[in-house]
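Enquirer: Predicted model, plus sequence, below.
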Amino acid sequence: MTKIPTHVAIILDGNGRWAKAKGLPRTAGHVQGAKNVEKMCEVAYHKGIQYLTLYAFSTENWKRPQDEVSAIMQLLRNYMASCLKLAKKNNMSVRVLGDMTRLDKDLQERIAELERVTKDYTGLHLQIALNYGSRDEITRAVKKLGTEIEEGRLNPEDITEDCISKALDTFEIPDPDLMIRTSGEQRLSNYLLWQLAYAELYFTPVPWPDFDEAELDKALEAYQNRDRRYGLVKEE
Ligand code: IPE
Ligand code: IPE
Ligand code: MG
């Protein structure tokens, strides 16, 4: 393939519906979804994608039934351990986006270890958005800049778009080129609102547990046929 996006962001949706269609509990869908994350990280890297950002749990997902939230948190705990092994094997660096402070201490520690150990790995850069909401991220960034102003380290006139980007959880990560949402919904659900300003959007009815290499190829093919302009005129 010719034009491979540097950064792909995915909203992993449809775990619950995938399970329901099979007569299974919703949590079985999350288990399958987590397995698919491991597989798709390797697939994405082999395609030449350098940054992959996955939406695992939103700031709004706490409103789900308590037993589902607990099951997802337990899966994330296990995932962080298996992810460390996978990261070492594939030279993959991992960063978690979102507000970690609301997570259990042990999960926070696992995340910190994963980030610390894999920080300088040069293979795929994997970002996991966990207790992530774009409005929450922007709010936290504004607070950071407000503190810098208050402490006399920043002049309001000097605030640029770049300053704001650097205050977000995604600092130093290039903006996504392609955003994929699985399972039919066509909305952003509070995902990377700032960073997706010029991303191409791709929606597929396939639920996340069934999203495989062939489905990724379809998304990449659609991306290659898009004509990105960034406000310029179309090149003839
Ligand atoms: C996505 O699948 C995973 C999370 C949001 C944690 P869903 O759980 O949203 O599955 P559906 O959309 O209900 O099918
Ligand atoms: C978005 O999916 C969040 C994640 C995939 C983690 P949701 O399933 O929670 O989004 P809505 O509620 O359908 O908008
Ligand atoms: Mg959903």
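Expert: Cool, got the structure. Ligands and ions are numbered 1, 2, ... in the order given.
Enquirer: is it true that residue 123 touches residue 92?
Expert: Yes. Counting by CB atoms under 8 Å, residue 123 touches residue 92, with 4.8 Å between them. C-beta coordinates here come from the backbone N, C-alpha and C atoms, glycine included.
Enquirer: Now for those two: what residues contact both?
Expert: Counting by CB atoms under 8 Å, 6 or more residues apart in numbering, the common neighbours of residue 123 and residue 92 are residue 45.
Enquirer: Compare the two and say which one has the larger neighbour count.
Expert: residue 92 (21 against 16; other CB atoms under 10 Å).
Enquirer: Grab the nearest non-local neighbour of residue 42.
Expert: residue 90 (6.5 Å; CB to CB, 6 or more residues apart in numbering).
Enquirer: and the one you found, what does it touch?
Expert: 41, 42, 45, 123, 124.
Enquirer: Show me what the helix or strand containing the second one is packed up against.
Expert: Using DSSP states H and E, residue 42 sits within helix 26-46. In terms of contacts (3 or more CB pairs under 8 Å, 6 or more residues apart in numbering; DSSP states H and E), helix 26-46 is packed against helix 15-21, strand 51-58, helix 66-90, helix 213-224.
Enquirer: just so I know, which of these lies nearest residue 113?
Expert: helix 66-90 (7.2 Å; CB to CB).
Enquirer: Ligand 1 versus residue 65, what's the distance?
Expert: Separation of residue 65 from ligand 1 (CB to the nearest ligand atom, to the nearest Å) stands at 11 Å.
Enquirer: any weak-confidence spans in this structure?
Expert: Within the chain, the stretches with pLDDT under 70 are 1.
Enquirer: what does it put close to ligand 1?
Expert: Residues of the chain lying close to ligand 1 by CB under 6 Å from any ligand atom are 12, 13, 14, 15, 16, 17, 57, 61, 72, 183.
Enquirer: can you tell me which residues contact residue 198?
Expert: Taking CB under 8 Å, 6+ apart as the test, what residue 198 contacts is 175, 228, 230.
Enquirer: Going by neighbour count, which of the residues you listed are buried?
Expert: Buried subset of these (neighbour count, 16 or more other CB atoms under 10 Å): residue 175.
Enquirer: export the contacts of residue 198 to a markdown table and tack on secondary structure and distance to residue 212?
Expert: Shown next, in a markdown table, are the contacts of residue 198 (DSSP: H, G, I helix; E, B strand; the rest coil; distance: CB to CB, whole Å):
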| residue | secondary structure | distance to residue 212 |
| --- | --- | --- |
| 175 | coil | 26 |
| 228 | coil | 26 |
| 230 | coil | 31 |
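Enquirer: Could you dump the contacts of residue 198 into a markdown table and include distance to residue 3?
Expert: Output for these, formatted as a markdown table (distance: CB to CB, whole Å):
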| residue | distance to residue 3 |
| --- | --- |
| 175 | 16 |
| 228 | 9 |
| 230 | 15 |
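Enquirer: and which of the contacts of residue 198 is nearest to ligand 2?
Expert: Of all the contacts of residue 198, residue 175 has the smallest distance to ligand 2: 19.3 Å, by CB to the nearest ligand atom.
Enquirer: my read: that closest one touches residue 195, true?
Expert: Yes. Using CB under 8 Å, residue 175 is in contact with residue 195, at 4.8 Å.
Enquirer: what would the contacts of residue 90 look like in JSON lines with distance to residue 31?
Expert: Listed next are those as JSON lines, based on distance: CB to CB, whole Å:
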{"residue": "41", "distance to residue 31": "17"}
{"residue": "42", "distance to residue 31": "19"}
{"residue": "45", "distance to residue 31": "23"}
{"residue": "123", "distance to residue 31": "26"}
{"residue": "124", "distance to residue 31": "23"}
